[in-house]
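Visitor: dropping the sequence and predicted coords here.
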Amino acid sequence: MRAAPNFRPRSDKQGHLGNRLANWQARLEKHWPSLRFGSATVEQENQEYVFRVRVFLGDLDPQWVRAELYAEGRDSDRAVILELNRGERPVASDNGFLYTARIPASRPVFDYTPRLVPEHPAALIPLESSLILWHDSPSWR
């Protein structure tokens, strides 16, 4: 089982890491509803798509959230999950950031949906947090 090797580091030092993860989970649960998407656009440049997605993180630390593009698997292929890169902070309020990705234009652009997932270097996702925020309707204009 994948969780078994993680028990010792979580319990060492009087459970310091375990306590940090529990605090992380509690803060995620409390503030996850404040996350929201702004505009989501894509442009085709040569044989690549350039995605730009505005994300507002509310009171969450940007390092606690990973922005991704998700596309269902085709035939027997696995789903495609691509991390978006956090860039500039174009919006001063609401902890807003612009996330971008440049990917080959090998699939229709409408196959991809932005989503936000929890991020922590020691957490087992989705075991320790199954929160996911999906962009409900990217316009991809």
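Guide: Arrived safely.

Visitor: ok, residues contacting whichever helix or strand residue 100 is part of?
Guide: Assigned by DSSP states H and E, residue 100 belongs to strand 96-104. Strand 96-104 has contacts (CB atoms under 8 Å, 6 or more residues apart in numbering) with 38, 45, 47-57, 62, 67, 69, 82-91, 114. Any C-beta I mention is one placed from the backbone N, CA and C, and that applies to glycine too.

Visitor: give me the buried subset of these.
Guide: 38, 49, 51-57, 67, 69, 84, 86, 114 (16 or more other CB atoms under 10 Å).

Visitor: among these, name the ones in strands.
Guide: Counting by DSSP state E, the buried ones among the contacts of strand 96-104 place 38, 49, 51, 52, 53, 54, 55, 56, 67, 69, 86, 114 in strands.

Visitor: which stretches of the protein form strands?
Guide: Along the chain, counting by DSSP E, strands occupy 36-45, 48-56, 65-71, 80-83, 85-86, 96-104, 113-118, 133-134.

Visitor: out of the ones you listed, which gets nearest to residue 23?
Guide: Counting by CB to CB, residue 23 lies closest to strand 113-118 out of these; the figure is 13.2 Å.
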